[in-house]
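>>> A structural model of the following input is requested.
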Amino acid sequence: MGHLYPPLKAYHSEMLDVGNGHSLYLEQSGNPNGIPVLYLHGGPGAGLSPIYRSLFDPNIYRIIGFDQRGCGQSSPFAELTNNTTQELLADIQQIRQHLGISKWMLCGGSWGTTLALLSAIEQPKTVKALVLRGIFLARKEDFDWFLSSQGGAAQLFPEHYEEFSETIRENDRNSSLIDGYYDVLLKGDELSRTHAAKSWCMWEERISMLNNTVKEQDLCQNLHRATSLALLECHYIKNGCFIDEGYIMDNVSAINAIPATIIHGRYDIVCKLESAYKLCKSWRESQLLIVPEAGHSVSDPRISDALCHATDAMAQFLNSQSK
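Below you'll find the predicted structure:
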């Protein structure tokens, strides 16, 4: 345990204008001449967390991260206009071209795995390798697992799910959960929006780690993140993440030749393990590491340790291939 690299400050940060009124916060750390790796954060709407820089050996990797549209330090904040999966994928390619990189490694967790997979499928010749944590395939069954009263998360955490759903039932008993939250987050008064955002994030945080105790006051201290996470997740899930049902699994053949390490917690309640298992079985050059006694969150020591070992091993492999 405890294999995380010491946290580094970014050696360069900037705001990148990607058009249609959006500017992305973009930063780099590590070795400017190292293996370029783009880290894709989760959510949608979570923004970058400093821990991501500690997952890579800073002597080996050129570590690149950005806040996706509408969250973190990107602007405008919590903006839904011109905020779709297709536009995020275009942003990824614009960042690569802006930095003068022809080919890089992609790393991401949760929703970040969805973007990494879609980007690799769309532009396989630009991807050296992938390291993915907590696979989310954006199928209806994945949304249901996370949000439905009959889903795995609700069945395992019934008391927390009841509290999560009651937040909306107080306002509109006729709406579906996702529609109810979306309506309040978009149209409610400030108090209702704040309550809904904190409730949404409380649900997600409670099911993200084993033995995790989340306090409401902790969420209050990061209301900025809670606001963008709740609104953008609702926006994307309500729209099926703007991709066709089963799209990723239907197109795995496009990335069969790209090496990948997939890491998934045995007790990941946010993203079900079946997704990672099914993906690996269909992806020739992938390997799956199931982490025992671990959940979903990258801050779980067992997950972060596995990620560090995976990025170290991938660097060794890529360097051996280049000789």
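>>> and the biggest helix by length in the chain, how far out from the chain's middle?
If you go by DSSP state H, the chain has its longest helix at helix 301-322. Chain-centre distance of helix 301-322: 19 Å, with C-alpha atoms, centre = their mean, to the nearest Å.
>>> correct me if wrong: Ala138 contacts Ile243.
Yes - contact criterion C-beta atoms under 8 Å: Ala138 and Ile243 qualify, at 5.9 Å. Glycine gets a C-beta too; all of them are placed from N, C-alpha and C.
>>> next, the buried residues of the longest helix of the chain.
302-308, 310-312, 314-315, 318 (16 or more other C-beta atoms under 10 Å).
>>> now, which of those sits nearest Gly295?
Using C-beta to C-beta, Ile303 is the member of those that sits closest to Gly295, with 7.6 Å.
>>> residue contacts, the closest residue to Gly188 other than its chain neighbours?
The shortest distance from Gly188 to any non-neighbouring residue, by C-beta to C-beta, 6 or more residues apart in numbering, is to Ala196 (6.7 Å). Each residue near Ala196 by C-beta atoms under 8 Å, 6 or more residues apart in numbering is listed here: Thr167, Ile168, Tyr181, Val184, Leu185, Gly188, Ala230.
>>> list the helices and strands the longest helix of the chain packs on?
strand 35-40, strand 104-110, strand 127-135, strand 260-265, strand 286-291 (3 or more C-beta pairs under 8 Å, 6 or more residues apart in numbering; DSSP states H and E).
>>> what sits up against stretch 147-161?
Stretch 147-161 has contacts (C-beta under 8 Å, 6+ apart) with 144-146, 165, 177-178, 202-203, 206-207, 237, 269-270, 272.
>>> so which of those residues is surrounded by the most neighbours?
The member of the contacts of stretch 147-161 surrounded by the most neighbours (other C-beta atoms under 10 Å) is Ile207, with 26 neighbours in all.
>>> quick one: contacts for that one?
With contact set as C-beta under 8 Å, 6+ apart, Ile207 has these partners: Ala153, Leu156, Phe157, His160, Ile269, Val270, Gly295, His296.
>>> mind checking pLDDT for the fifth one?
In other words, Ile269. The pLDDT attached to Ile269 in the predicted structure is 96.
>>> same check, this time on the first one
The pLDDT attached to Ala153 in the predicted structure is 96.
>>> quick one on the thing from earlier: I'd like the contacts of Ala196 as JSON lines, with distance to Gln123, secondary structure and neighbour count appended.
Formatted as JSON lines, the contacts of Ala196 follow (distance: C-beta to C-beta, whole Å; DSSP: H, G, I helix; E, B strand; the rest coil; neighbours: other C-beta atoms under 10 Å):
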{"residue": "Thr167", "distance to Gln123": "40", "secondary structure": "helix", "neighbour count": "21"}
{"residue": "Ile168", "distance to Gln123": "39", "secondary structure": "helix", "neighbour count": "22"}
{"residue": "Tyr181", "distance to Gln123": "33", "secondary structure": "helix", "neighbour count": "28"}
{"residue": "Val184", "distance to Gln123": "38", "secondary structure": "helix", "neighbour count": "25"}
{"residue": "Leu185", "distance to Gln123": "33", "secondary structure": "helix", "neighbour count": "22"}
{"residue": "Gly188", "distance to Gln123": "39", "secondary structure": "coil", "neighbour count": "16"}
{"residue": "Ala230", "distance to Gln123": "31", "secondary structure": "helix", "neighbour count": "27"}
